[in-house]
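Structure for this input, please:
(one chain, ligands or ions: 1)
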Amino acid sequence: MPDLKTTWLGLELQSPVIVASSGLSKSADDVKACADAGAGAVVLKSLFEEVLAQQDYEIKDSTGYHTEAYDYLRSELELQYGPREYCRTIEEAKKRVDIPVIASVNCVSSERWPSYAKQLQNSGADAIELNVYSMPADIETTSQQVEERYIEIVRGVRENTHLPIALKIAPYFASLANMAHQLCEAGAGGLVLFNRFTDPDIDVKKLKPTTTFQFTTANDYHNSLRWVALLFGKISCDLAATTGIHDAEGVAKMILAGASAVQVASVLYKKGVQTLSTLNEQFASWMKTHDFESLDDFKGKVSFKRTENPDLYLRHQFMQKIRGVE
Ligand SMILES: Cc1cc2nc3c(=O)[nH]c(=O)nc-3n(C[C@H](O)[C@H](O)[C@H](O)COP(=O)(O)O)c2cc1C
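Numbering: from 1, shown residues only. Next up is the predicted model:
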């Protein structure tokens, strides 16, 4: 039987298949179900900065801005409805499973997270995943300023906790490779490529904006694959792939590209958490057909750095394909 062990953020995982932050990882019961089905680790549903910011705003209103009362109530509420509840879930989950439990925070600014990171650490989280995203729609903000915000968040958390840090990012940077490098230098131990967001739409009957969200399909993994392959061996931190990984072939492709692990959500929503055991079994069976005994035998084998045809990950691929179609 091939060995599916891998290392992600310095943590040893029995399988490279991690349950991605989602509604499937909200409670200790959820985490236990994922662990029983064979998850290598679980990333908890994110704690959202906006929720806490909203709570701050409501207290501000109710206290008439009296500083002392505001500070007191704010700290109480944050503890009650924010990290405290979240930390309790981590503590409970850690008592019930042996696999790593990774806390996730969804942040847009650098102010709140450093102090919360400490609380997450104290509750027994094995690592922290920072899900950073804000829409850079301000015409006065430069790309450098946007990048600095990310770096500040990582540095702030790094200074306040010894937990390993993963950064889950979107691909929308002018120079993604340089940004990835900077994030690792700032203290991230791993990058999760790439997050997926809700998309805007317009209701043409009500003439109002709406939001759409769809699960991914097994065809949505290509951009993550490209960037895992391009970055493998070039930056100092681990890589995990997410978005569009629905089967054992998808897992194999990402490890061949250079990922240490993959994160899955949509396939589990569509087929159930039990699918994790099928993914592990089929992935092991694929390894066996290639005589691979461990992930080290093939991790990064088809990355940009190691493959004989690295140009296929670049523009060259586009030119060739288009020529074929025309
Ligand atoms: C219902 C749902 C809720 C999600 N919630 C979060 C979240 O709270 N934080 C986060 O970082 N990602 C969240 N995600 C994104 C997933 O973690 C994952 O990265 C993304 O769905 C791509 O993986 P997939 O193709 O396997 O679905 C969510 C995804 C789904 C489907």
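
Would you mind confirming that residue 34 makes contact with residue 274?
No: using C-beta atoms under 8 Å as the test, residue 34 is too far from residue 274 to be in contact (10.2 Å). C-beta here means a position set from N, CA and C on the backbone, and glycine is covered the same way.

Who has more neighbours out of these two?
residue 34 (26 against 13; other C-beta atoms under 10 Å).

biggest helix in the protein by residues?
When the chain is parsed with DSSP state H, its longest helix is helix 143-160.

now that helix, how far from the chain's geometric center?
In terms of C-alpha atoms, centre = their mean, to the nearest Å, the centre of helix 143-160 is set 17 Å apart from its chain centre.

what's that helix packed up against?
Under the contact criterion of 3 or more C-beta pairs under 8 Å, 6 or more residues apart in numbering; DSSP states H and E, helix 143-160 touches helix 113-122, strand 127-132, strand 165-169, helix 176-186.

make it 10 Å
Counting contacts by 3 or more C-beta pairs under 10 Å, 6 or more residues apart in numbering; DSSP states H and E, helix 143-160 packs against strand 101-107, helix 113-122, strand 127-132, strand 165-169, helix 176-186.

Grab the CA positions of that helix and hand them over as PDB.
This file holds the C-alpha atoms of helix 143-160, laid out as PDB (Å, rounded to 0.1, in the frame of the first residue of the first chain):
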ATOM      1  CA  SER A 143      -0.800  47.900  -6.700                       C
ATOM      2  CA  GLN A 144       2.100  48.400  -4.300                       C
ATOM      3  CA  GLN A 145      -0.200  49.600  -1.600                       C
ATOM      4  CA  VAL A 146      -2.500  46.700  -2.100                       C
ATOM      5  CA  GLU A 147       0.500  44.300  -1.800                       C
ATOM      6  CA  GLU A 148       1.800  46.000   1.300                       C
ATOM      7  CA  ARG A 149      -1.600  45.400   3.000                       C
ATOM      8  CA  TYR A 150      -1.100  41.700   2.500                       C
ATOM      9  CA  ILE A 151       2.400  41.800   3.800                       C
ATOM     10  CA  GLU A 152       1.400  43.800   6.800                       C
ATOM     11  CA  ILE A 153      -1.300  41.200   7.700                       C
ATOM     12  CA  VAL A 154       1.200  38.400   7.500                       C
ATOM     13  CA  ARG A 155       3.900  40.200   9.500                       C
ATOM     14  CA  GLY A 156       1.300  41.200  12.200                       C
ATOM     15  CA  VAL A 157       0.200  37.600  12.700                       C
ATOM     16  CA  ARG A 158       3.700  36.300  12.500                       C
ATOM     17  CA  GLU A 159       4.800  38.600  15.300                       C
ATOM     18  CA  ASN A 160       1.900  37.500  17.500                       C
END
